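[1] Structure of the sequence below:
(one chain, ligands or ions: 3)
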Amino acid sequence: MTMPEADSMAAADSPQALNIAQVAIDVPLDGVFDYHSPYPLLIGQRVVVPFGARKQVGVVTALPASTDLAPAKLKSVLQHFGEEPVLDAEFFALIRFCADYYQYPFGQALLSALPGRLRQTEPATARQQFSYSLNDTGVQAGVDALPPRQVVQRRLYAALLEHGALSESALTALSPGWRKAMAALQQLGWITEQQVYAGLRTALTASSVQPELNAEQAQAVHAILHQAQSFKPWLLHGITGSGKTEVYIRLLQSLLANNEDQALVLVPEINLTPQLEARFRTRLPDFPLVSLHSNLGESERLQNWRLAQSGAARIVIGTRLSVFTPMPRLKLIIVDEEHDTSYKQQDSMRYHARDVALVRAQRRQIPILLGSATPALETWHNAQSGRYGLLSLRQRAVSQSQLPAIRCVDVSKVSMQDGLSPQLIKAMRERMEKGEQSLLFINRRGYAPVLLCNACHWIAPCMRCSSRLVVHLRQGRLRCHHCGHEQKIVRQCPSCGNPDLHPTGHGTQRLEETLNQLLPGARVLRVDRDSTRRKNALSDMLSAVHAGEVDILVGTQMLAKGHDFPNLTLVGVLDTDSALFSPDFRASERLFAQLMQVAGRAGRADKPGEVLIQTTFPEHTLFNALRSQDFTAYAGSLLQERETTQFPPYEFLALIKAEANDFVPVQRFLQYAADTAREFGSEALIYDPVRPQMERLKGMERGQLLMQASSRQVMQPLLRQLTPLLRQHPLSNKIRWAIDVDPQEF
Ligand code: ADP
Ligand code: ZN
Ligand code: ZN
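    Numbers count the residues shown, from 1 in each chain. Ligands and ions are numbered 1, 2, ... in the order given. The predicted structure is shown next:
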């Protein structure tokens, strides 16, 4: 794979004093392209160039003195954006590393790391964004001066009082109709409107108390500060509520004081950013902070990105993609919930943001802090072997808050009522009587996972996938959760004509219905992808829970993360047994992490929590470890298992995935890959092509080839040899294929 040089080559004597520019373009071809430039250009500048019949945006990666292209073939740069800030060498180097490591075309990797506005063939401008805060008049007036009916106005008021200044996107997230309400507050003369950048520094309740660190927290902060001037990965291991975020805040306070340095904080999901962002803003009011995630409008995204690039933003909080954000004075990276699967990009360039962050920290020689209650086994292994520093927080930070008691209910020994055990029903009833909240965790949305004919055992299948259609009773639809296919519920078995078809099994909708019958008067709220489709639905629901308007929450993994419900004291876990025996070798690691996380929702304030897990296998080692909340022991046994079975982190994997309308070319392509890879005589183990568990997806027939090596030093040269040959193969353009290095999904 030819990689461009970011620095211009030594000036050779060139007879025709042409200005040559090497340009990276968003095309699925390797390498960069030479152009003649009528303008003086800089490395890192955006340009528009002709490519085939089209105009393409590109980035200048080098200014070589000559080109191999014949002068007649050399096309000219059409436009350049000289007034825009240029991309720096670190950015190029990081992209180059990733393109190389993840076997992805450099130009595509580079362009896809830029905000949308910078991928367009026009000058990129960000509309000036504003932020809003209450002025003294507003604060003194008090929320009760607003009519009770003006719900949105009151909500804005409360949020502004809590967070100080709010940006347009934060306000939109709060309430889509905020502009009208804000105009009303402005009419009252209560509001200060500022350009967002100025507003970054404002936080009204900056007085929010700074708790005294406990011994373990203090030790963690001290250890990291002590080695802050060099590359050092740290794992901060501590259960939910043990005070990890507090450690982040203290580190940022210390490291960013008295200098112009910057820090990058990666978070797994968009719906976690507003909470963390709000907390950082109130606790770190002196440091301009921007967030970067896909829910931002393009204009705000570009603006925030540029504030990071210029060094003006001192703290960047962002999801996966923000790991590439240029930050000239970056001195610390924090990866919160480092085990979270959303850090792995599952299409285009399949990078892992935590791993890229580690590479970035190493290249910059700065510390990187990985935080988690249930670290990825890869990370845990590194912390055990001493490659990463291990910092543990063993207790919940708030002393009154106790760990929840975790118990299993053996569902084979009790008579169940619509999927609920008597113990769980009783526990929910008790919570209702005490005015406390319960959460039922079930990872299956819809009414029932299958529609079954009891006469002939026909099950409604998806015609486009190897999967079953899920019953969505209220809408009268059958839906495939893999491809989105939808149809009316069939009334008669197409196989035997039986008119008596049964929705079988339990999903969130059915559970909601069951609860309404079993516990009349209970206020049940369902939180899943269906019920939160409307913009801001989730934040509205969370507010309702906080306001005490909900007795029982029924939710999928959306609810497992990050949300803090002080009045929630019971968590019921339903239907997780299938993950105990999944063919995916990461299934139990993930289930453990997920259950730890949901368990962490119970009893966060001063009320003790209880977790009831319904299972047929109460003595399974996973549940034993969970009951004692002993990640260390469980991780130890999982690692031993991985070592015997030769799976990561002891071995390194790469997967070639391919799909087409027909399986024959897929098989042929993968067989070619396998044969070729074997011919290289690499030490890597090349398996035979197989079909994945989901053989057909969205009408495509799928296949995959697994390669396994004892180290990256074995895997990487193999991939570097193989990829160009695969790209040249005649079937390469006829099927869809991709290389997934360090794959997470199989
Ligand atoms: P985590 O990020 O591990 O879930 P947090 O940092 O959010 O934990 O801390 C949980 C709660 O405990 C928060 O309300 C936080 O303000 C509080 N807290 C953290 N550290 C301390 C401390 N040393 N003393 C008192 N309260 C603390
Ligand atoms: Zn039938
Ligand atoms: Zn489907």
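[2] What are the contacting residues of the helix or strand hosting R279?
    Element membership for R279, per DSSP states H and E: helix 273-283. By C-beta atoms under 8 Å, 6 or more residues apart in numbering, the list of residues contacting helix 273-283 from outside reads 162-165, 170, 173, 203, 205-206, 208, 210, 245, 249, 252-253, 265, 267, 289, 291, 293, 315, 317-319, 336, 539, 562-564. Heads up, the C-betas are built off the backbone N, CA and C, glycines and all.
[3] Going along the chain from that helix, find the next helix or strand for me.
    Next element after helix 273-283 (DSSP H and E): strand 289-292.
[4] Tell me the buried residues in that next one?
    289-292 (16 or more other C-beta atoms under 10 Å).
[5] can you give me the helices in the stretch 101-250 of the chain?
    Taking DSSP state H, counting those that start in this stretch to define them, one finds helices in the stretch 101-250 of the chain at 106-112, 136-141, 151-163, 168-174, 178-187, 196-199, 215-226, 244-256.
[6] Start and end of stretch 559-575, how far apart?
    16 Å (C-alpha to C-alpha, to the nearest Å).
[7] close to ligand 1, is it?
    No - counting by C-beta under 6 Å from any ligand atom, ligand 1 has no neighbours in stretch 559-575; the shortest distance is 7.6 Å.
[8] and that stretch, how far from the chain's centre?
    From the chain centre to the centre of stretch 559-575 is a distance of 20 Å (C-alpha atoms, centre = their mean, to the nearest Å).
[9] Likewise for stretch 611-619?
    For stretch 611-619, the distance to the chain centre is 29 Å (C-alpha atoms, centre = their mean).
[10] cool, stretch 652-665 as well?
    For stretch 652-665, the distance to the chain centre is 25 Å (C-alpha atoms, centre = their mean).
[11] Just the CA trace of the helix holding R279, in CSV.
    Extracted in CSV, the C-alpha atoms of helix 273-283 (Å, rounded to 0.1, in the frame of the first residue of the first chain):
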residue,chain,number,x,y,z
THR,A,273,-22.9,13.2,26.3
PRO,A,274,-25.4,15.8,27.6
GLN,A,275,-25.2,14.6,31.2
LEU,A,276,-21.4,14.3,31.3
GLU,A,277,-21.1,17.6,29.4
ALA,A,278,-23.4,19.4,31.9
ARG,A,279,-21.4,18.0,34.8
PHE,A,280,-18.1,19.0,33.3
ARG,A,281,-19.3,22.5,32.5
THR,A,282,-20.4,23.2,36.0
ARG,A,283,-17.3,21.7,37.5
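[12] any idea of the mean pLDDT in stretch 515-528?
    Averaged across stretch 515-528, the pLDDT comes to 95.
[13] ok, residues contacting that stretch?
    Outside stretch 515-528, the residues that touch it by C-beta under 8 Å, 6+ apart are 417-418, 420, 425, 428-429, 432, 440, 445, 508-509, 511-512, 538, 541, 544-545, 549-556, 558-559.
[14] Output the contacting helices and strands for the host helix or strand of N382.
    For N382, the host element (DSSP H and E) is helix 377-384. The contact analysis (3 or more C-beta pairs under 8 Å, 6 or more residues apart in numbering; DSSP states H and E) places helix 377-384 against strand 232-238, strand 389-393, helix 631-645.
[15] possible to save the ones you listed as TSV with distance to P328, mean neighbour count and mean pLDDT?
    TSV is the format used below for these (distance: least, C-beta to C-beta, whole Å; neighbours: other C-beta atoms under 10 Å; pLDDT from 0 to 100):
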stretch	distance to P328	mean neighbour count	mean pLDDT
strand 232-238	21	23	97
strand 389-393	26	19	97
helix 631-645	38	15	95
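[16] Fine by me, we can end here.
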